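Undergrad: next comes the sequence, and after it the predicted model I'd like to discuss.
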Amino acid sequence: MYRKTIAILVLSVMLCGCAFAASVGDIMYVAPPSGYNLNLRAAPSYDATIIASYKAGTEVVVMQDLGEFKKVSVGFVVGYMASEYLSQGKSSSGSSGGTSGGAIGTAYVNNPKAGQRLNLRAKPSTQAEVLGSFLSGTSVVVYENLGGWLSVSINGIRGYVMAKYISFGAAGSAQTNTSAGTLTVYNPNGGNFVNQRSGAGYDYRILQRVATGTRVTKQAAQGEWIKITVNGVTGWMNALFLR
């Protein structure tokens, strides 16, 4: 282990020369949103070739801090990772909204119509046993995003709910998704900015980098994504980066 650590540091010096930022040599950890891996790219750009992808909690050594990206080594593989998805603390569940027990955030039941109830099921299937039914506004602790389903806890009961009926915005009725509101951008990984994208997903184009602490206007919600306007630009940001 000692020889491996020395080898990584020597490789870092050979490849980067002397133009190092203050964070060179720091150990950081991959911390993408739950259910995603973080890409290691051949250049500091989202359009660059993907060398490999790493799961949450993977240890990396910082070789150079370029702002939006960091040049890192993962073992003996060198490339670039997005800074906003690297954390100084290790977490096996990716980005965290600050809740305990591996949770990725707190959300609320958001049924299509007033008076409707959302079923909490024993498995991620509409055919699974119903463990409970809940009105809009009920607080939900989210543990994992499974695509169309979320692994959650409601009133201490663990189960699964359909993601489309969960809002990461403020508690309220179904109208919460489309009502205006003000939120603050923050980064649970300690980064100074968060990307605003052209659509509700990490595959969409980045419109701009929004500094943490910026107040933004909420316009709508789609699953775990919030449509916001900031600096005159309208786009989408994952609700884990808004509060």
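TA: Right, received. Where do you want to start?
Undergrad: please count neighbours and contacts with C-alpha atoms only from this point.
TA: Noted.
Undergrad: secondary structure class for the residue most central in space within the chain?
TA: For the chain, the residue nearest the mean C-alpha position is P33 (2.9 Å; Cα atoms, centre = their mean). Assigned with DSSP: H, G, I helix; E, B strand; the rest coil, P33 falls in the coil class.
Undergrad: distance of it from A239?
TA: P33 sits 10 Å away from A239, going by Cα to Cα, to the nearest Å.
Undergrad: domain parsing for the protein?
TA: Under automatic domain parsing, the residue ranges defining each domain of the chain are 2-87, 105-174, 178-241.
Undergrad: mean pLDDT for those - can I get that in TSV?
TA: TSV is the format used below for the domains of the chain (pLDDT from 0 to 100):
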stretch	mean pLDDT
domain 2-87	74
domain 105-174	80
domain 178-241	83
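Undergrad: so what sits opposite the closest residue to G201 other than its chain neighbours in the bridge?
TA: Excluding the flanking residues, the one nearest G201 by Cα to Cα, 6 or more residues apart in numbering is W225, at 7.4 Å. Here W225 shows beta-bridge partners Q222, N238, assigned using DSSP bridges.
Undergrad: contact partners for W225?
TA: Residues near W225 by Cα atoms under 8 Å, 6 or more residues apart in numbering: F168, A200, G201, W236, M237, N238, A239.
Undergrad: from those residues, which would you call buried?
TA: Burial by neighbour count, judged by 16 or more other Cα atoms under 10 Å, picks out F168, A200, W236, M237, N238, A239 from the contacts of W225.
Undergrad: redo these as a markdown table? Include distance to G57.
TA: Written out in a markdown table, the entries for these read as follows (distance: Cα to Cα, whole Å):
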| residue | distance to G57 |
| --- | --- |
| F168 | 24 |
| A200 | 25 |
| W236 | 26 |
| M237 | 23 |
| N238 | 20 |
| A239 | 21 |
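Undergrad: going by distance to L86, which of the residues you listed wins?
TA: Using Cα to Cα, N238 is the member of these that sits closest to L86, with 16.1 Å.
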